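Participant: Compute the structure for the input listed below.
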Amino acid sequence: MSSSADLAALVEQPFELLQEMELRSRAAHAGQSSAGAMPSEWVGIGFRIGDEQFVASREQVREVLMLPETMTRVPGANRWLLGIANLRGHLLPLVDLKLMLGSGRTTLRRSTRVISVNHREVPAGLVVDEVLGFRRFTDHEYANEAQETIVRCDRFLAGVYQRGDESWPVFNLFDLVESNVFLQASAE
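Facilitator: All right, here's what the predicted structure looks like:
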């Protein structure tokens, strides 16, 4: 029986109905669809810096953490390097992302979170105003050109997902932690 068969027509034929459902399930698992190609899904972590919302690829985020109660200041470091925190035995530099981008200090609140970047060589915890959870988008919602932002992070943006009136600029965390601005944390 073809995979485009109408399932409703097979209601009286349970074995054939199960066969058709299995065929469709296997096709969907393989990335195909009986109705044509399914749009692929992109999943990211939504977060807020100031009044603007962004999304980062979930592959670039190791975990989301509460702001640690204690951190050790680093003498001679830029003001945006808040300090070093010991998180489960691993030292993690904490960076006020908004301050680093030149848009003022992040106000520490109950909603303030730390995004631990999943980079192999550069450990970093980015302090953001709020994490908004997983965001799922399809290919047709993506555009290459991201608009200007208030928090001046345009050089770290890799396109935008547009859903209705909402824009979700894609913040490339790897570009950020590999940038000269980030790697030069000493106050000169």
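Participant: okay, CA-based contacts and neighbour counts for the rest of this
Facilitator: Noted.
Participant: got the domain boundaries for the protein?
Facilitator: Taking automatic domain parsing as the criterion, the chain consists of the domains 1-38, 41-183.
Participant: winner for burial among those domains?
Facilitator: domain 41-183 (a mean of 17; mean count of other Cα atoms under 10 Å).
Participant: Span of that one from start to end?
Facilitator: Domain 41-183 has its terminal residues 33 Å apart, counting by Cα to Cα, to the nearest Å.
Participant: Averaged pLDDT, stretch 129-143. What do you get?
Facilitator: Averaged over stretch 129-143, pLDDT sits at 94.
Participant: Can you give me the end-to-end span of it?
Facilitator: Length of stretch 129-143, first residue to last, Cα to Cα: 25 Å.
Participant: Please enumerate the helices of the protein.
Facilitator: Secondary structure of the chain (DSSP state H): helices located at 14-29, 97-100, 173-178, 180-183.
Participant: mean pLDDT lowest for which of the domains of the chain?
Facilitator: Within the domains of the chain, confidence is poorest for domain 1-38, with a mean of 67 (mean pLDDT).
Participant: thinking again about what came up before, select, out of the helices of the chain, the one closest to residue 54.
Facilitator: Residue 54 lies closest to helix 173-178 among those, at 11.1 Å (Cα to Cα).
Participant: export the closest one as CSV, just CAs?
Facilitator: Taking Å, rounded to 0.1, in the frame of the first residue of the first chain, the C-alpha atoms of helix 173-178 are listed here in CSV:
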residue,chain,number,x,y,z
LEU,A,173,28.1,32.9,21.3
PHE,A,174,31.2,31.3,19.8
ASP,A,175,31.9,34.5,17.7
LEU,A,176,31.6,36.5,21.0
VAL,A,177,34.0,34.4,23.1
GLU,A,178,36.5,34.1,20.3
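Participant: Could you work out which of the helices of the chain reaches nearest to residue 167?
Facilitator: helix 173-178 (18.0 Å).
Participant: Residues touching the closest one, excluding its own?
Facilitator: By Cα atoms under 8 Å, 6 or more residues apart in numbering, the surrounding residues in contact with helix 173-178 are 56, 60, 117, 119, 122, 124, 156, 182, 183.
Participant: Wait, the second one touches residue 120, no?
Facilitator: No. Counting by Cα atoms under 8 Å, residue 120 is not a contact partner of residue 60; they are 10.2 Å apart.
Participant: who's the residue nearest in space to the middle of the chain bridged to?
Facilitator: Residue closest to the average C-alpha location in the chain (Cα atoms, centre = their mean): residue 56, at 2.4 Å. Beta-bridge pairing for residue 56 (DSSP bridges): residue 45.
Participant: For it, which residues are in contact?
Facilitator: Neighbour list for residue 56: 44, 45, 46, 170, 171, 172, 173 [criterion: Cα under 8 Å, 6+ apart].
Participant: so can I have JSON lines of those showing distance to residue 68?
Facilitator: Converted to JSON lines, the contacts of residue 56 look like this (distance: Cα to Cα, whole Å):
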{"residue": "44", "distance to residue 68": "24"}
{"residue": "45", "distance to residue 68": "20"}
{"residue": "46", "distance to residue 68": "21"}
{"residue": "170", "distance to residue 68": "26"}
{"residue": "171", "distance to residue 68": "24"}
{"residue": "172", "distance to residue 68": "24"}
{"residue": "173", "distance to residue 68": "21"}
